[in-house]
Every structure is written in C-alpha cells, then in structure tokens.
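> generate coordinates for the sequence data below:
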Amino acid sequence: MREIAKWAAVVLWLTVAFLLGHTLRVQSPSGQQLDILHPLTFAQREGQPVIVRCTERIVEAPFVHRNLPYPFRGRVLDVGYRGSPLIYELASLGFETWGIDIRPPLVKFPDVEYVIGDICRYQFPPAYFDVVISLSTIEHIGLRGYGNVDYNPEGDLHALQAMHRALNPSGRLILTVPFGRPGETLTSRYYDHQSLLALLAGAGFEVETEDYWHQPEIQWVPTSREVAEQTDSLTANLTRAVACIRAKPVSTK
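Below is the predicted model:
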C-alpha cells in the first residue's frame, strides 16, 4: 500500500504537469512579470499545440514524491524553492513545510514558512528537519545570477554542509543536480560521478539511491550513469542530463 500511494502521487503530479505544463506568469505590484515554472512549455505551430520545451523538472518532482517518507508527515525544507510549485505540493500533502531562498516568495501559500536568506549563513536549529530537498539549486550557489552577490567557489559544499546541520540524523536529503561533463560557467556547475560523490561525502552524506535521466530529444528518459556522464551540458550551459540523489547524513567527526 505504501508503494501504491507513492506511485499514485507520482502519477497525479505528472497529470498536473501535463495539464498545466507551462510558465505561469504572475504580475508583481510593481508590474514586473514573475514566473512560476512548470516542466512543459507549449506553443502553436501550424494551428496545432506542440511542446517546445521540456525541463528536467518533469523527472525531478516525481523523484521527490517517490522518495518522501510515508505517511506524509514531518518537517520538510525546500532549498531554493522560488519559482517551483513543489513547495505548494508538500504543504498540501500535510508536511510542515519550510522554504528558504535568497529571493522573496512570488506568492504566499497556506501552511508554508518562508525564509528569505542564504542557506549557507542562515542558522536553522540543529537536526530540525526530517527531509531537506534541493532541486537544481546547489550548482548555482556562490556563483553569479539568481540573486547571488558574493562569489563563493565552494558555495555548493557550504550549502550541503548547512543542510547536513539542519537535518535530523535519521532524515534524508533529496537532491538533484545537472550531470555530465564536469565544469563551471558563470552561473552554474556541472558534475560527474566522481565530483558529485566527493561533494556529498565532504558535506557528510552517504548516497542511498541514485537515478539518472538525460534528454536526447524533447523527452527526458532514464539512462545509465555512464551514458549520462557523457552528456555535454557545459557548452550550451543548458542541462541535458540530471542526477537525482537520495542521501542520508552520516557523522562528520
């Protein structure tokens, strides 16, 4: 029954994603257009709707739902939540839901605690959360863009160390990052298996589950680590392969 409930949540999310799969534009009081991202972007071609873009969120969010503790209870932190509908889903499932981002929330949602701050510096109580989630976020921390102002070449490591401190020893980290040929651009890092495992171990995490997807065409498909690792996202600075990780905290002493 537990697995059925988890997969039911995945199917529900995919259904919503396909029905609402576009960028929802919200206008701020100043008139600025703000985007809440969905996996699919549609357009009209020759009078017919077509999918013109499909982001890694199409596989990231179902991975989260599949790896959440069941029954749905406990305290969850979403790191870098802004623009993602996941935080609203977590609150709707019944979790005590928190989100932290250096940018203010686009909208307020019931039963969500919002923190405007840097995960590397904000002091949550030790072992406060049962689950910490970070989707396609740590690769940007400490680099330019997304509101960052201070360059920190080890921003991804410092962020994971902060998540480790905030996570219950029996809790879990759910993490996704761009995967493939390793390197760094002005705004993003790309990881191969060696660099990703070293990063997690350096922050005090041990991998429990690792899944890989890549995007050979418009569709994202599951693949082996070896195939995903050959993907070149670096040249175009556009994610074409993703690693989805569930990890547990281990002692850093």
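> C-alpha only now, for contacts and for neighbours.
OK.
> who does the one helix or strand Asp211 maps to pair up with?
Using DSSP states H and E, Asp211 maps to strand 205-214. If you go by DSSP bridges, strand 205-214 pairs up with strand 221-223 (antiparallel), strand 241-249 (antiparallel).
> relative to the whole chain's centre, how far out is it?
13 Å (Cα atoms, centre = their mean, to the nearest Å).
> can you tell me what sits against the longest strand that the chain contains?
Assignment by DSSP state E gives strand 167-178 as the longest strand of the chain. For strand 167-178, the external contacting residues (Cα atoms under 8 Å, 6 or more residues apart in numbering) are 60, 64, 67, 126-139, 189-191, 233, 239-250.
> any weak-confidence spans in the stretch 1-150 of the chain?
1-37 (pLDDT under 70).
> let's see it at 80
The stretch 1-150 of the chain contains residues with pLDDT under 80 at 1-38, 145-150.
> for it, what spans make up the helices?
For the stretch 1-150 of the chain, the helices defined by DSSP state H, counting those that start in this stretch occupy 2-19, 57-67, 86-93.
> Phe179 contacts Arg189, correct?
No. Phe179 lies out of contact with Arg189 (Cα atoms under 8 Å); the separation is 9.1 Å.
> can you pull the contacts of Gln215?
With contact taken as Cα under 8 Å, 6+ apart, Gln215 is in contact with 221, 240-241.
> a markdown table please, covering those and showing distance to Ser170 and pLDDT.
Formatted as a markdown table, the contacts of Gln215 follow (distance: Cα to Cα, whole Å; pLDDT from 0 to 100):
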| residue | distance to Ser170 | pLDDT |
| --- | --- | --- |
| Val221 | 31 | 97 |
| Arg240 | 33 | 95 |
| Ala241 | 30 | 97 |
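> distance of Gln123 relative to Gln161?
12 Å (Cα to Cα, to the nearest Å).
> which of those two has more neighbours?
Comparing Gln123 with Gln161 by other Cα atoms under 10 Å, the one with more neighbours is Gln161, at 22 against 12.
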